[in-house]
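> Got a predicted model here, sequence first, then my questions.
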Amino acid sequence: MIENQNIEFKEVWKDDWLKWICGFANTSGGMMYIGANDDGKIVGLGNIAGDLLNKLPGKIKDTLGILTEIKLETENDLQYITIKIDKYPIPISYHGKFYLRSGRSNHEATASEYDRLLLEKFGKTWDAMQVPNVTIEDLDKDSIERFKKLAVENKRLKQEDVNIDDKSLLENLKLYDNGYLTTSAILLFHNDPEKWIPGAYTKIGFFEEGDANLKYQDEIHGSLIYQAEKIVDMLYSKYLKAYVSFNGMQRVDEYIIPETAAREIIYNFLQHKAYNVAIPVQIKVYDDYLYIWNPGELPDGVKDILFKKHPSVPRNLAISQTFFRAGFVEYWGSGIKRITDACKEYGSPIPKIINEAGGVAVKCSPSQSYLKAKEGKKNVSIAQTSPKHRPNIAQTIAESIETGIIELIKQNSKITQNDMATALNVSRDVIKRNIKKLKDNNIIDREGKRNNGTWKIL
């Protein structure tokens, strides 16, 4: 045996070990072996074993208020004691402090961990808490309409499911309880959830040569339905550099990580964030590195099997269910597989996912083709003899795509973005980003509805 979430070895008894028993009782229960070293080898308790056996039950009961199963065992003529601790349905404290077991360690619960512990013990989750003094009319109508559209487009709901009043929709989504909106409803559909839930936003920054050299940054606020799409759009339109390579005549945009993988990571971060911790999601972008951090560590039962088949263990059940119906995520713990599959297909390394600084960090490294394209761009620039006439290759190609879009609109004002992508031999995401630039610069505009509108050159 080795020490783990449910097993602890101690060579001798100390009253301080009551904190460990408290931690077991507050998490998943476990066994303590008194008279065994850290490797699980029995070293024995000598002639104090019997006396300790008589004292421990009363000491544990009087200090922690719980009952444990204590036995005197013998191995190779060495006596040791086992203490079986059950998981308790109420929070257990040691001298007014609450302790939790995490892997092989034991720690005092933070205020947010205690809040979560208290709610879980009484069958509640933080995201289902009722919020007074906020009504359905206070929610952002655009976010609700956007959700309805996404749910139907992704075939997670039928049109008749969303052709109902907002109150009925929120009740069906388990976001409206006994006349009150829940914290999840505020997060998902209020345009300023930070009035009630500080830290419910996302920070993005671009760094050069270490964390001390922040070049520029943005904060994305608003409902989670809005944030989810906005974060990915801003990350790929402003922060991540695309180095261009060519496969024959086909242009290839090389990013640090494929957009499908980044989207999956970000959507999962938003749905699993510990929102009772007033710290935002943080995304750090470097020239050849992407680091994303989110408050709230991985569950103990999942972190060791993350890259294997594992059950879905949502931190915020109602948010996860709503994200599923919007088509943002799946609902069966398959997010990691989709991230790894996308990276393998793209040729980039599998992101590293670790518990770090009280949260989850994802570290994304680039593919060899990205590094080669990046180096190729540097070599082309150096080869130019006159700095004044050095062309920016990426900019030149981007401008040619913008010109191509304008020419296609001149030929057919009703052309779709998919047809543009086919005609210019690029991805739809490239077309989407270039159209945004053209709109932002007041060069083109869109008139009418999405399905039957027309393009206009300004």
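Yep, it's here.
> For the stretch 301-450 of the chain, which segments are assigned as helices?
When assigned using DSSP state H, counting those that start in this stretch, the helices of the stretch 301-450 of the chain occupy the ranges 317-325, 335-346, 368-383, 393-411, 417-424, 428-440.
> now swap in the stretch 51-200 of the chain and tell me
111-121, 141-153, 159-162, 166-172, 183-189.
> buried stuff in the first one?
Within helix 111-121, the residues that qualify as buried by neighbour count (16 or more other Cβ atoms under 10 Å) are 112-114, 116-117, 119. Using the backbone N, CA and C atoms, a C-beta is placed for each residue, glycine as well.
> closest to E137 out of the helices of the stretch 301-450 of the chain?
helix 317-325 (19.4 Å; Cβ to Cβ).
> what is the rounded mean pLDDT of that closest one?
Here helix 317-325 scores 94 as its mean pLDDT.
> And what about the most centrally placed residue in the chain, helix, strand or coil?
Central residue of the chain (Cα atoms, centre = their mean): F269, 1.5 Å from the mean position. Following DSSP: H, G, I helix; E, B strand; the rest coil, the label given to F269 is helix.
> so it makes contact with I292?
Yes. Using Cβ atoms under 8 Å, F269 is in contact with I292, at 6.5 Å.
> what touches both of those two?
Here F269 and I292 have 281, 362 as joint contacts, going by Cβ atoms under 8 Å, 6 or more residues apart in numbering.
> ranking the helices of the stretch 301-450 of the chain by burial, who's on top?
helix 317-325 (a mean of 22; mean count of other Cβ atoms under 10 Å).
> and that one, how far out from the chain's middle?
Put simply, helix 317-325 sits 13 Å off its chain's centre (Cα atoms, centre = their mean, to the nearest Å).
> by how many degrees do that helix and helix 141-153 diverge?
60 degrees (axes from the mean of the first three to the mean of the last three Cα atoms, to 10 degrees).
> doesn't I350 make contact with T340?
Yes. T340 is in contact with I350 according to Cβ under 8 Å; the separation is 5.2 Å.
> Any figure for the gap between S112 and A278?
9 Å (Cβ to Cβ, to the nearest Å).
> which residues of the stretch 101-250 of the chain fall in strands?
Assigned by DSSP state E, counting those that start in this stretch, the stretch 101-250 of the chain shows strands spanning 105-108, 130-131, 176-177, 180-182, 202-207, 214-220, 243-247, 250-254.
> chain center to the longest one: distance?
Counting by Cα atoms, centre = their mean, strand 214-220 is centred 19 Å from the centre of its parent chain.
> How about exporting it as PDB, limited to the C-alpha atoms?
Extracted C-alpha coordinates of strand 214-220, given in PDB (Å, rounded to 0.1, in the frame of the first residue of the first chain):
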ATOM      1  CA  LEU A 214       3.100  43.100 -20.400                       C
ATOM      2  CA  LYS A 215       2.600  44.700 -23.800                       C
ATOM      3  CA  TYR A 216      -1.200  45.000 -23.800                       C
ATOM      4  CA  GLN A 217      -4.300  43.500 -22.100                       C
ATOM      5  CA  ASP A 218      -8.100  43.300 -22.200                       C
ATOM      6  CA  GLU A 219     -10.800  42.400 -19.800                       C
ATOM      7  CA  ILE A 220     -14.000  40.700 -21.000                       C
END
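> Spatially nearest residue to the residue nearest to the centre of the chain (excluding sequence neighbours)?
Excluding the flanking residues, the one nearest F269 by Cβ to Cβ, 6 or more residues apart in numbering is N294, at 4.2 Å.
> Could you give me the buried positions within the host helix or strand of the one you found?
Here N294, judged by DSSP states H and E, is contained in strand 289-295. For strand 289-295, burial by neighbour count (16+ other Cβ under 10 Å) applies to 290-295.
> For those, give me a markdown table that also has pLDDT and distance to W196.
Listed next are the buried residues of strand 289-295 as a markdown table, based on pLDDT from 0 to 100; distance: Cβ to Cβ, whole Å:
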| residue | pLDDT | distance to W196 |
| --- | --- | --- |
| L290 | 95 | 31 |
| Y291 | 96 | 29 |
| I292 | 96 | 25 |
| W293 | 96 | 23 |
| N294 | 93 | 20 |
| P295 | 91 | 17 |
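> residues in contact with W196?
131, 134, 183, 186, 190.
> Could you rerun that using 7 Å?
131, 186 (Cβ atoms under 7 Å, 6 or more residues apart in numbering).
> what are the phi and psi angles of it?
phi -110, psi -30 (degrees, to the nearest 10).
> Please tell me how far the spatially closest residue to L424 that is not a sequence neighbour sits from A421.
Spatial nearest neighbour of L424, excluding adjacent residues (Cβ to Cβ, 6+ apart): G404 at 4.8 Å. Distance, G404 to A421, by Cβ to Cβ: 11 Å.
> Check Y226 too.
In terms of Cβ to Cβ, Y226 sits 26 Å off from A421.
> Count the residues that sit near the residue lying closest to R104 once chain neighbours are set aside.
Counting by Cβ to Cβ, 6+ apart, E3 is the residue found nearest to R104 once chain neighbours are left out, at 4.7 Å. Here the count is done by other Cβ atoms under 10 Å, and E3 has 16 residues near it.
> how close does E3 get to A36?
10 Å.
> Wait, S143 touches S223, no?
Yes. Between S143 and S223 there is a contact at 4.1 Å, judged by Cβ atoms under 7 Å.
> returning to what we had before: now the common contact residues for E3 and A36.
Common neighbours of E3 and A36 (Cβ under 7 Å, 6+ apart) are F9.
> still on that earlier bit, can I get the helices of the stretch 301-450 of the chain in CSV including distance to M31?
Formatted as CSV, the helices of the stretch 301-450 of the chain follow (distance: least, Cβ to Cβ, whole Å):
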stretch, distance to M31
helix 317-325, 31
helix 335-346, 31
helix 368-383, 48
helix 393-411, 60
helix 417-424, 60
helix 428-440, 53
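> Compare these and say which comes out lowest on pLDDT.
helix 368-383 (a mean of 67).
> tell me the contacts of L224?
Counting by Cβ under 7 Å, 6+ apart, the residues that L224 touches are 187-188, 270, 319.
> could you redo the last one with a cut-off of 8 Å?
Contacts of L224 by Cβ under 8 Å, 6+ apart are 187-188, 193, 200, 270, 319, 323.
> thinking again about what came up before, ok, now which ones touch the residue nearest to L424?
G404 sits in contact with 420, 423-424, where contact means Cβ under 8 Å, 6+ apart.
> run the last query once more with 10 Å
420, 423-426, 431, 434 (Cβ atoms under 10 Å, 6 or more residues apart in numbering).
> Next: Q271.
Contacts of Q271 by Cβ under 10 Å, 6+ apart are 127, 184, 187-188, 224, 228, 314-324, 328-329, 335.
> Pass me the low-pLDDT residue ranges in the chain, would you?
Scanning the chain for pLDDT under 70 picks out 122-124, 245-251, 299-311, 331-332, 377-400, 450-451.
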